[in-house]
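Participant: got a predicted structure plus its sequence, pasted below:
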Amino acid sequence: MDRRAFILSGAALAVASRVHAAPLDDALADVAKARSKLTTLQGPFVQERTIALLASKVKSTGKLWMVRPDRLRWELEPPDAAVYWVLPDGLAYKTKSGKGKVAKGAQGPLGGVLGDLLILLGGDLAELKGRYELALIKRDSKSLVLHATPKDKAIAKSTKRIELSLGADPAVLEKVVLVEAGDDRSEISFGALTRNAAVDPALVAGP
């Protein structure tokens with residue numbers, strides 16, 4: 001291949017890359033625009049965890065309270081009886097066995113996907129690009145499906161992929177599927193979520 005052909009080939013690849021990225025970038029921009037007027041989000045969810053090795057499923061119910069830009073309460077109802085918080089300075093939890101806090105940016109189980117949950121629920125999904133490879137799987141007038149594959153090695157140790165499903169309104173998630181490194185899965189389906197209603201500050205203050 002001569003020099004001119006090599007340059008033309010490189011230019012063609014660059015154009016193809018931009019064309020391929022455009023639908024994803026457009027989708028992310030539409031989600032960000034739809035969420036720009038979102039201040040709070042609250043409502044129920046159902047979480048079903050599939051344990052591949054045992055071929056069994058465990059179902060939990062709970063409720064979330066999100067206050068943009070930096071507070072989230074994720075509460076699992078009994079018998080799980082656990083609460084997790086995303087706070088401006090880190091992450092916190094309270095379970096039947098105790099409570100604790102993890103500084104912002106710390107690695108480990110709480111510092112992985114939970115640390116990104118606020119972005120997944122109500123933030124700008126483009127902010128995930130530094131830690132995840134994002135792919136647009138489906139988009140039509142009724143749905144938008146995105147997959148996020150961890151690039152961050154600390155997250156990849158526990159999470160293989162995050163699957164996001166949004167409806168006709170791209171502001172609110174309908175379902176999140178966490179595919180874990182061992183092929184266990186957690187599928188979280190959201191009920192009717194209330195937007196921009198007042199949230200008691202004590203709920204999102206942490207333990």
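Facilitator: That came through, no problem. Numbering: from 1, shown residues only.
Participant: going forward, measure contacts between C-alpha atoms and count neighbours the same way
Facilitator: Fine.
Participant: what sits against residue 170?
Facilitator: Shown in contact with residue 170 (CA atoms under 8 Å, 6 or more residues apart in numbering): 30, 31, 34, 35, 144.
Participant: can you lay out those as a markdown table showing distance to residue 182 and neighbour count?
Facilitator: Converted to a markdown table, the contacts of residue 170 look like this (distance: CA to CA, whole Å; neighbours: other CA atoms under 10 Å):
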| residue | distance to residue 182 | neighbour count |
| --- | --- | --- |
| 30 | 33 | 16 |
| 31 | 31 | 22 |
| 34 | 35 | 16 |
| 35 | 33 | 18 |
| 144 | 27 | 21 |
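Participant: how about residue 71: what's its closest non-neighbour residue?
Facilitator: Distances taken as CA to CA, 6 or more residues apart in numbering place residue 87 nearest to residue 71, at 5.0 Å, with adjacent residues excluded.
Participant: check contacts around that neighbour.
Facilitator: Residues near residue 87 by CA under 8 Å, 6+ apart: 70, 71, 72, 204, 205, 206.
Participant: change it to 10 Å
Facilitator: By CA atoms under 10 Å, 6 or more residues apart in numbering, the residues touching residue 87 are 69-73, 101-104, 115, 118, 204-206.
Participant: what's the answer for residue 113, then?
Facilitator: Contact analysis of residue 113 by CA under 10 Å, 6+ apart lists 120, 150, 155, 156, 158, 159, 162, 178.
Participant: what's the answer for residue 72, then?
Facilitator: Contacts for residue 72 (CA under 10 Å, 6+ apart) come out as 40-42, 64-66, 84-88, 91, 117-118, 121-122, 203-206.
Participant: how about residue 27?
Facilitator: Counting by CA under 10 Å, 6+ apart, residue 27 touches 33, 125, 126, 136, 139, 144, 145, 146, 170.
Participant: the fifth one contacts residue 164, doesn't it?
Facilitator: It refers to residue 139. No - counting by CA atoms under 10 Å, residue 139 does not reach residue 164; the two are 11.8 Å apart.
Participant: the two - which one has more neighbours?
Facilitator: Shown here are residue 139 and residue 164; by other CA atoms under 10 Å, residue 164 has more neighbours (21 against 17).
Participant: centre of the chain to stretch 114-123, how far?
Facilitator: Centre-to-centre, stretch 114-123 and its host chain are 5 Å apart (CA atoms, centre = their mean, to the nearest Å).
Participant: hey, where'd the helices end up in this structure?
Facilitator: Ranges of helices in the chain, per DSSP state H, are 3-35, 113-122, 153-156.
Participant: mean pLDDT for those: which is lowest?
Facilitator: Note on the helices of the chain: helix 3-35 shows the lowest mean pLDDT, a mean of 68.
Participant: where in this protein is pLDDT low?
Facilitator: Filtered on pLDDT under 70, the chain yields the residue ranges 1-21, 52-53, 55, 105-112.
Participant: relative to residue 35, how far out is the residue nearest the centre of it?
Facilitator: Compute the mean C-alpha point of the chain, and by CA atoms, centre = their mean the closest residue is residue 120, 3.1 Å away. Separation of residue 120 from residue 35 (CA to CA, to the nearest Å): 11 Å.
Participant: touching both of the two, which residues are there?
Facilitator: residue 172.
Participant: in contact with the residue lying closest to residue 47 once chain neighbours are set aside, which residues?
Facilitator: Closest residue in space to residue 47, ignoring its immediate chain neighbours: residue 188 at 4.3 Å, by CA to CA, 6+ apart. By CA under 10 Å, 6+ apart, the contact set of residue 188 is 45-49, 59-61, 164, 173-178.
Participant: many thanks, I have nothing further to ask.
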